[in-house]
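Participant: how would this look folded up:
(one chain, ligands or ions: 1)
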Amino acid sequence: MINNPQEINENNQLIARFMGTGYSATNHLTLYHNNWSWLMSVVDKIESIKFHGCDFYFVEITKLHIIIRGTTQGILRKVEDGEKLTALWLAVVDFIKWYNKKYESKFKDYFADLDKWENSFYCNECGNSEHHNFAYNFTTSNSEVWHCKICKTDTQVSFKPKEDNY
Ligand SMILES: [Zn+2]
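Facilitator: Just a heads-up that it's a prediction; the model follows:
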């Protein structure tokens, strides 16, 4: 049993955000820690996350442990005093904290590389360096060729960063 109302509230808020339901003052949103069907909807959401088109995270609920596979270290919570629901709730919270952190850094790196890539555009002919003043033309084996909209000259840039690679 988790008896700390602040911990319950904070964790349920974290879950609600993950579920995309937001966390208004609505009381029923506080059910995640003590309602199986609410918590199972979170399990379903975790297991529906795809990575390169495949299922990636698996939640195992056993008599003794809750295990979430697919994360870097794996997530494991012991079922104490037969409180399976509490163990699952804690495991799901562990997962969401890990997931949020992973995606924060993922998007930070991705957007930084995307900025760098956009800033690398430069037309040797007219000096145009604004990414939006280029149009994609074609891709070769080692670069992309973009077309300067101002002077109509082709220029080579590196491959555009792909979100999937982060
Ligand atoms: Zn140009």
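Participant: how much space between the closest residue to residue 52 other than its chain neighbours and residue 139?
Facilitator: Among residues not flanking residue 52 along the chain, residue 164 sits closest, at 6.4 Å (C-beta to C-beta, 6 or more residues apart in numbering). The way it works is simple: take the backbone N, C-alpha and C, and place the C-beta from them, glycine included. Distance, residue 164 to residue 139, by C-beta to C-beta, to the nearest Å: 16 Å.
Participant: what do you get for residue 113?
Facilitator: Going from residue 113 to residue 139 by C-beta to C-beta gives 18 Å.
Participant: equivalent analysis for residue 87, please.
Facilitator: Look at residue 87 and residue 139: by C-beta to C-beta, they are 50 Å apart.
Participant: which of those two has more neighbours?
Facilitator: For residue 87 versus residue 139, neighbours defined as other C-beta atoms under 10 Å are more numerous around residue 87 (21 against 11).
Participant: could you confirm the more buried one falls within a helix?
Facilitator: Yes - Residue 87: assigned to a helix according to DSSP: H, G, I helix; E, B strand; the rest coil.
Participant: pretty sure it contacts residue 66?
Facilitator: Yes - using C-beta atoms under 8 Å, residue 87 is in contact with residue 66, at 4.8 Å.
Participant: show me what from this protein comes close to the ion.
Facilitator: Contact residues, the chain versus the ion (C-beta under 5 Å from the ion): 123, 125-126, 128, 148, 150-151, 153.
Participant: among these, which ones are in strands?
Facilitator: Using DSSP state E, residue 148 are the members of those that sit in strands.
Participant: got TSV for the residues of the chain next to the ion, with pLDDT, neighbour count and distance to residue 108 too?
Facilitator: Listed next are the residues of the chain next to the ion as TSV, based on pLDDT from 0 to 100; neighbours: other C-beta atoms under 10 Å; distance: C-beta to C-beta, whole Å:
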residue	pLDDT	neighbour count	distance to residue 108
123	97	21	30
125	96	13	35
126	97	13	34
128	96	18	29
148	97	22	31
150	96	14	32
151	97	14	35
153	96	13	34
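Participant: as a quick check, tell me the outermost residue of this protein.
Facilitator: Within the chain, the residue lying farthest from the chain centre (C-alpha atoms, centre = their mean) is residue 125, at 41.0 Å.
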